[in-house]
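**Q** got a sequence here, can you model it:
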Amino acid sequence: MEITDTDFEEFFNEKSKDLQWLRSKSEQIKKHLNPKNRDMKKSEPSYYVHGKEVDINSLELCDVYLSEWPQFESASISLGFFIDGSEMNFIDIDEFIESYPVVFHRIIIDSHY
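**A** Residues are numbered from 1 along each chain as shown. As a prediction, the model looks like this:
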């Protein structure tokens, strides 16, 4: 049986919806996978970008090289979500890094220790 372009497109669209759903539920999924996080402390401060609260635990780092310690000039964030489950775009990520450089640096350090 040969796969047609229409079959592939339907499959791709279905899987894309699944991925979007998973991303939107990332915090809830993390809580179920890690019981320690179910009752997460709200004592940590909140960080906002464009009026939306950032989910600090969802931030994924990229280009972190220990040879650049302590400045980590190349480090960035490749993926992140807001508390409401929506994905941060590159403008949101840049705004977060520029608005909260100390927090960003702490996240880098914490990821290695």
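**Q** for the protein, what spans make up the strands?
**A** 48-49, 52-62, 76-82 (DSSP state E).
**Q** dump the ones you listed to CSV, plus mean neighbour count, mean pLDDT and distance to residue 91.
**A** No exception for glycine: its C-beta is placed from N, CA and C like everyone else's. Below are the strands of the chain laid out as CSV (neighbours: other CB atoms under 10 Å; pLDDT from 0 to 100; distance: least, CB to CB, whole Å):
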stretch, mean neighbour count, mean pLDDT, distance to residue 91
strand 48-49, 17, 94, 9
strand 52-62, 17, 92, 12
strand 76-82, 18, 93, 12
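**Q** out of these, which gets nearest to residue 6?
**A** strand 76-82 (30.9 Å; CB to CB).
**Q** tell me what that closest one is packed against?
**A** Applying 3 or more CB pairs under 8 Å, 6 or more residues apart in numbering; DSSP states H and E, one finds that strand 76-82 contacts strand 52-62, helix 90-99.
**Q** what are the contacting residues of it?
**A** For strand 76-82, contacts defined as CB atoms under 8 Å, 6 or more residues apart in numbering pick out 23, 26-27, 49, 52-55, 58-63, 87-88, 92-93, 96-97, 104.
**Q** grab the CA positions of that strand and hand them over as PDB.
**A** In PDB, the C-alpha atoms belonging to strand 76-82 read as follows (Å, rounded to 0.1, in the frame of the first residue of the first chain):
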ATOM      1  CA  SER A  76      20.200  31.100  25.300                       C
ATOM      2  CA  ILE A  77      16.800  29.500  25.800                       C
ATOM      3  CA  SER A  78      15.600  27.200  23.000                       C
ATOM      4  CA  LEU A  79      12.100  26.600  24.300                       C
ATOM      5  CA  GLY A  80       9.900  27.900  27.100                       C
ATOM      6  CA  PHE A  81       6.200  28.100  28.100                       C
ATOM      7  CA  PHE A  82       4.000  30.500  30.000                       C
END
